[in-house]
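S.K.: Next one to model:
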Amino acid sequence: MSTPAERWKTTEPWRLPYSSRELISICAKGLEIPKVWTAHEFLVKGRLLILAIDRIAKLTQRRAAPHVARTAQKVFAGQLESVIDRAKRRAPGMRKPTAEDAIDILVPQHEAIWMQALDEVMKESGHDVVLEIVPPVQSVMAQGYSKVGILLGHEADPDRNGVLAREAQGIANKITRINDTTRRQFETAIRDSIEQGHTVTELAQRLRDDLLPMQHRRSLTVARTELNNAFTRGSATAFKESNTLATVSIIGCEAEEDNSPQYAGRSTCNFPNLPVTEIDAFLDVGFHVNHSGSMVPSSFREA
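M.R.: Okay, here's the model as predicted:
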């Protein structure tokens with residue numbers, strides 16, 4: 001059997017090179033998982049269980065986030081070049097410049113052409129883009145489900161795979177969707193270039209200079225946020241399968257943002273003692289951007 005060090009070289013870049021059992025033994029050292037978690041078992045071993053889930057959640061997400069962010073940034077850069085190329089070829093009286101062109105062309109008075117090119121490229125590349133992001137998102141969600149399930153004393157249900165896959169695709173859509181800020185900056189660059197008499201080449205370079213750094217920062221933020229969401233939704237599925245788990249809590253949030261989503265009159269960050277029956281409604285409200293907390297058990301019933 002290969003060692004974790006050897007597996008670093010062959011494991012997908014978004015996965016830790018440990019089996020579920022290995023990772024749990026690292027993060028839950030000293031925890032003996034009972035056959036059934038009860039109020040008494042949780043009183044004795046609950047601290048180790050909570051620490052294990054929080055550690056596994058953070059390690060899993062941190063491993064995947066840089067890869068997802070890089071992939072999203074690469075995809076956006078390709079989309080931007082497609083927008084520029086399409087707009088160049090579509091403007092009246094214009095064609096795609098060749099290497100032999102000695103002069104550049106002024107940006108035409110056709111803002112709509114550039115915006116149409118943006119809309120079309122984003123729409124047409126949507127499915128392919130999502131396919132690139134889905135595997136790591138689905139992996140993080142599946143690890144949340146399987147590893148938390150093991151810690152709770154039950155194995156993963158293979159029938160859940162289809163549900164997790166659909167939810168992972170929805171999260172991948174969020175990561176790759178162009179946001180309103182990017183669209184507004186795109187529009188501003190086009191209008192300013194038209195007013196200032198820039199050439200098409202100058203506009204294209206401005207779009208690259210302005211949008212790519214901003215999208216780079218956004219990609220990492222969105223990757224962290226949505227991978228946290230993916231792990232949380234996977235672990236929530238495991239929590240709902242427990243016959244004795246009564247409530248869960250959100251722990252580890254650095255702060256409760258002023259504009260944080262609200263549930264039952266308070267921020268979803270560091271939310272205490274949420275009944276398991278309300279998990280779905282709670283997750284539909286969601287968390288703020290850059291949320292870093294973990295959902296963990298907070299009480300069990302007797303068997």
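
S.K.: Which SSE is immediately downstream of the helix or strand of the chain with the lowest mean pLDDT?
M.R.: Counting by mean pLDDT, DSSP states H and E, the chain has its least confident helix or strand at helix 4-7, which shows a mean of 69. Per DSSP states H and E, helix 4-7 leads on to helix 20-27 as the next helix or strand towards the C-terminus.

S.K.: Please save the CA atoms from that following helix in CSV.
M.R.: Extracted in CSV, the C-alpha atoms of helix 20-27 (Å, rounded to 0.1, in the frame of the first residue of the first chain):
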residue,chain,number,x,y,z
SER,A,20,-11.4,8.6,5.3
ARG,A,21,-10.2,6.3,8.1
GLU,A,22,-6.7,7.8,8.0
LEU,A,23,-7.9,11.4,8.1
ILE,A,24,-10.3,10.6,11.0
SER,A,25,-7.5,8.9,13.0
ILE,A,26,-5.4,12.0,12.5
CYS,A,27,-8.1,14.6,13.4
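
S.K.: Which residue is the nearest non-sequential neighbour of Cys41?
M.R.: Just to correct that, residue 41 is Glu rather than Cys. Distances taken as CB to CB, 6 or more residues apart in numbering put Pro34 closest to Glu41, at 4.6 Å, once the chain neighbours are dropped. Any C-beta I mention is one placed from the backbone N, CA and C, and that applies to glycine too.

S.K.: Look through the chain and tell me its longest helix.
M.R.: Longest helix of the chain, by residue count under DSSP state H: helix 39-90.

S.K.: Counting by contacts, list what the following helix or strand past that helix packs against.
M.R.: On the C-terminal side of helix 39-90, the nearest following helix or strand under DSSP H and E is helix 111-124. Helices and strands touching helix 111-124, by 3 or more CB pairs under 8 Å, 6 or more residues apart in numbering; DSSP states H and E, are helix 39-90, helix 180-196.

S.K.: Buried ones in helix 111-124, by neighbour count?
M.R.: By neighbour count on 16 or more other CB atoms under 10 Å, the buried set for helix 111-124 is 113-115, 117-118, 121-122.

S.K.: swap in stretch 155-172?
M.R.: Buried residues in stretch 155-172 (16+ other CB under 10 Å): 156, 160, 164, 167-169, 171-172.

S.K.: By pLDDT, give me the weakest of those.
M.R.: The lowest pLDDT within the buried residues of stretch 155-172 belongs to Ala156, with 81.

S.K.: rewinding a little: turn the helices and strands packed on helix 111-124 into JSON lines, columns for mean neighbour count and mean pLDDT.
M.R.: Putting the helices and strands packed on helix 111-124 into JSON lines (neighbours: other CB atoms under 10 Å; pLDDT from 0 to 100) gives the following:
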{"stretch": "helix 39-90", "mean neighbour count": "19", "mean pLDDT": "92"}
{"stretch": "helix 180-196", "mean neighbour count": "15", "mean pLDDT": "81"}
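
S.K.: Go through these and name the closest to Ala204.
M.R.: helix 39-90 (4.6 Å; CB to CB).

S.K.: centre of the chain versus that closest one, how much separation?
M.R.: Offset of helix 39-90 from its chain centre (CA atoms, centre = their mean, to the nearest Å): 4 Å.

S.K.: start to end distance for stretch 234-250?
M.R.: 15 Å (CA to CA, to the nearest Å).

S.K.: Next, name the residue at the spatial heart of this protein.
M.R.: Note on the chain: the residue nearest the mean C-alpha position is Glu226, at 2.6 Å, using CA atoms, centre = their mean.

S.K.: For Arg218, which three-state class applies?
M.R.: helix (DSSP: H, G, I helix; E, B strand; the rest coil).

S.K.: so it touches Thr182, yeah?
M.R.: Yes - using CB atoms under 8 Å, Arg218 makes contact with Thr182 at a distance of 7.4 Å.

S.K.: Can you tell me the number of residues neighbouring the residue nearest to Glu41?
M.R.: A count of nearby residues for Pro34, using other CB atoms under 10 Å, gives 16.

S.K.: so it touches His40, yeah?
M.R.: No - the criterion here is CB under 8 Å, and Pro34 misses it with His40 at 9.4 Å.

S.K.: any low-confidence regions in this protein?
M.R.: Where the chain drops to pLDDT under 70, the residues are 1-5, 91-110, 125-129.
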